[in-house]
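In: pasting a predicted model and its sequence here:
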Amino acid sequence: MGIKIGNAPFRDRVQEGIENDFMRGAVSSAQGRFRSGRLKAAEELGDWEDWRTLGEEIRSHTLQNLDFYLEQLSEQVSKRGGKVFFAQTAEEANEYIQNVVKKKEAKKIVKSKSMVTEEIGLNETLERAGAEVVETDLGEWILQMDEDPPSHIVTPALHKNKEQIRETFASKKGYKNSDLPEELATFAREQLRKEFLSADVGITGCNFAVAESGAVTFVTNEGNARLVTALPETQISVMGMERLVPTWEELDVMVSLLTRAAVGQKLTSYVTSITGTKQEDEVDGPEDYHLVIVDNGRSRILGTEFQSALHCIRCAACINVCPVYRHVGGHSYGSVYPGPIGAVLTPLLDGYEDHKDLPYASTLCAACTEACPVKIPLHEHLVRHREIIVEKEKKSPKSERMMMDGFAKWGSHPAAYKLSTKMARKALKPWTKDDVIQDGPGPLKGWTDVRDFPAPSEQTFRAWFKTRQKGGRS
Amino acid sequence: MSIQNRESFLNNVADQLGRKRRSKGVTRPQYSVEPQWRVFEGATQDELVDKLEDQCRVIHTHFKRSTMDTLTEVISQSIEENDGHAVVAADDQRNDEYGLTSFYENLHDEGVAFHLWDPSSGRENVHFAERADVGITFSDVTLAESGTVTLFNHQGNGRSISLLPRTYIAIIPKSTLVPRMSQAVRHIHKAHADGVDVSSCVSFITGPSNSADIEMNLIVGVHGPVKATYIVVEDM
């Protein structure tokens, strides 16, 4: 699948999102709960702004010295019996993992939720190689059965309701009980336990690797990452190359920020750090351990004005406050990374060509920047993307460019401006009814398709201001 | 060939950063703020126990207190409350000190199948844990703020014990309590600097497993344990 989801044009994806009433209701209620959870957790912790400052300093230092810390990490993992593969591209990462799986003659692979493996399209590659891949995060398992992409990076199946989930379980797995979430989860527990116990290979992502000692850390609530790393004999962790911290001490700070910003928890049920292979005499844990470090376009962002986008810790706080995401939902972005961070990151990783609409999927209200636990200036990055799209890439529509040229000429001639503001009410008369325009012409149509546009006032502001100065009150 | 493609990969990273490759000489900066040390600063051990008790309500975990003398009684009660017909426990050096070795031996007489984790029986340990109703371990470091027990898994304390059974019971010596994760990781960081290998698996466990993946409803008990009980023991 890769980072890009589907081929439908942006407008069609948005339209589909807007027409999905269940999804919109689910998203707005989830946003409310995530947001209040985050604010409450931040308040309970105290000094939240200090924590954010510390988070930003840690991320910034790590990225500035990324080569040093990645080298240290690889040395440590190797010292503890692990194998480390540096993958420049998605293809290289997939090929390496596929070879490990083939060498093991693995038939079944269990996976815990990982955005980077979605990004590189790992599952399709492994399935083509003849292995069965089972996603074990409850949300991801549901989506996998329905062949549906995730719509949120923390709760991937947010757009599905429990009746749909019950039907999926019934048709794909012979489920016979009700649509009570507890019963659905119990069924998933039973089904997936068998998969964990019979899997040959476990694959995880990585929330943070600790450079000083080679520990790879997973932050989860369900416990599936623990099972994936405890039971199969072979384990592969896939990490985006920026997902590491210098020492255990920074791990504490980043995890504390992540769990609060993501779900309002002080810590999730499980924070699990594994280092290399199991030790001699240990019974559970992998005998064979691989860490795959993925670039896939990230290094192109280093040293640019967008470098801070790599500070992201995938908490989704920006997604949970975004008014645009609230209305259009995750699939509208056409990327495995939705919301404000997706709109910043996707064009950087995958180019402007397919994603030039994303920086416009924002009101620039800056709620995302305010929510970000590591202070990424998301809305400023979006503005910068727009400048680049228009000025450098020349990717704005031709009609828009013509209109902007016209606007520039018109706006720089006071007489033309004056005349047209005076004429506006008359010119729009044919479309005006009861002082509102419901089906406007030309560029107004995009607006009036979803809401009414007030007819221009009889008196212009300038005219009003003039009379007011003379003592008039109207 | 345990590390592949590293040189070209990291040289490219350095190029993109617009400087020469850094292989040594990087030290952590002095951060401008360190709010983590202010959480529960100066709290006594008893105050930390109270904080832990409060947090247990948030994380759906049963909280109990015991003395060294009443510990086995409290564990026995907890096993019963959780329909424990099969119990697996970690082989911990504290078992003797806390009187658990003989207690565990006697469980058989009460009709409870008991298994003490034993590396020499290999995979059989995991199979027993999979069928067990209750898994019991000591906490190595306990985080009052989040209600977290920290396990440095080792040959006697397999990862499966606190993971596969339906109920997890953590024995928490009062002396293991610290304010938050910061103290636990500082300990690991220092031990590593002193040349002590960090455990192959460090598990920070906060109550039973849960999920909000179905319509944002909180479901307690998914892949890991469905229930959790913490027993704080007066050891000071």
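Out: On my side now, so go ahead.

In: skip the chain neighbours and tell me the closest residue to the closest residue to chain B within the stretch 301-450 of chain A.
Out: Chain B sits closest to residue A:302 of the stretch 301-450 of chain A, with a gap of 4.0 Å, by C-beta to the nearest C-beta. C-beta here means a position set from N, CA and C on the backbone, and glycine is covered the same way. Sequence neighbours aside, residue B:16 is the residue nearest to residue A:302 in space, at 4.0 Å (criterion: C-beta to C-beta, 6 or more residues apart in numbering or on different chains).

In: next up, the contacts around the residue of chain B found nearest chain A.
Out: Going by C-beta to the nearest C-beta, chain A is nearest to residue B:224 of chain B, at 2.7 Å. By C-beta atoms under 8 Å, 6 or more residues apart in numbering or on different chains, the residues touching residue B:224 are A:222-223, A:226-227, A:269-270, B:163, B:168, B:208-209.

In: which ones among those residues are found in strands?
Out: The strands, defined by DSSP state E, take in A:270, B:168 from the contacts of residue B:224.

In: so residue A:24 sits in a helix?
Out: Yes: per DSSP: H, G, I helix; E, B strand; the rest coil, residue A:24 lies within a helix segment.

In: contact partners for residue B:209?
Out: Neighbouring residues of residue B:209 by C-beta under 8 Å, 6+ apart: A:221-223, A:269-270, B:220-226.

In: leaving out the residues flanking it, which one is nearest to it?
Out: Spatial nearest neighbour of residue B:209, excluding adjacent residues (C-beta to C-beta, 6+ apart): residue B:224 at 3.3 Å.

In: phi, psi of the one you found?
Out: Per-residue torsions, residue B:224: phi -90, psi -160 (degrees, to the nearest 10).

In: gap between it and residue B:145?
Out: From residue B:224 across to residue B:145, the span is 21 Å (C-beta to C-beta, to the nearest Å).

In: for residue A:141, same thing?
Out: For residue A:141 relative to residue B:145 (C-beta to C-beta), the value is 32 Å.

In: touching, residue A:217 and residue A:206? I think so.
Out: Yes: Residue A:217 lies in contact with residue A:206 (C-beta atoms under 8 Å); the separation is 7.1 Å.

In: name the residue in the two with the higher neighbour count.
Out: Set side by side, residue A:217 and residue A:206 show more neighbours around residue A:217, with 25 against 22, by other C-beta atoms under 10 Å in any protein chain shown.

In: give the residue spans of the stretch 101-250 of chain A that score low on pLDDT.
Out: Counting by pLDDT under 70, the stretch 101-250 of chain A contains no low-confidence segment.

In: ok, the stretch 351-474 of chain A next?
Out: Using pLDDT under 70, the stretch 351-474 of chain A drops low at A:470-474.

In: for it, what spans make up the strands?
Out: In the stretch 351-474 of chain A, the strands defined using DSSP state E, counting those that start in this stretch lie at A:432-433, A:436-437, A:453-454.

In: out of the ones you listed, which is closest to residue A:135?
Out: Residue A:135 sits nearest to strand A:453-454 of all the strands of the stretch 351-474 of chain A, at 46.1 Å, using C-beta to C-beta.

In: which strands or helices does the closest one pack on?
Out: The helices and strands touching strand A:453-454, judged by 3 or more C-beta pairs under 8 Å, 6 or more residues apart in numbering or on different chains; DSSP states H and E, are strand A:436-437.
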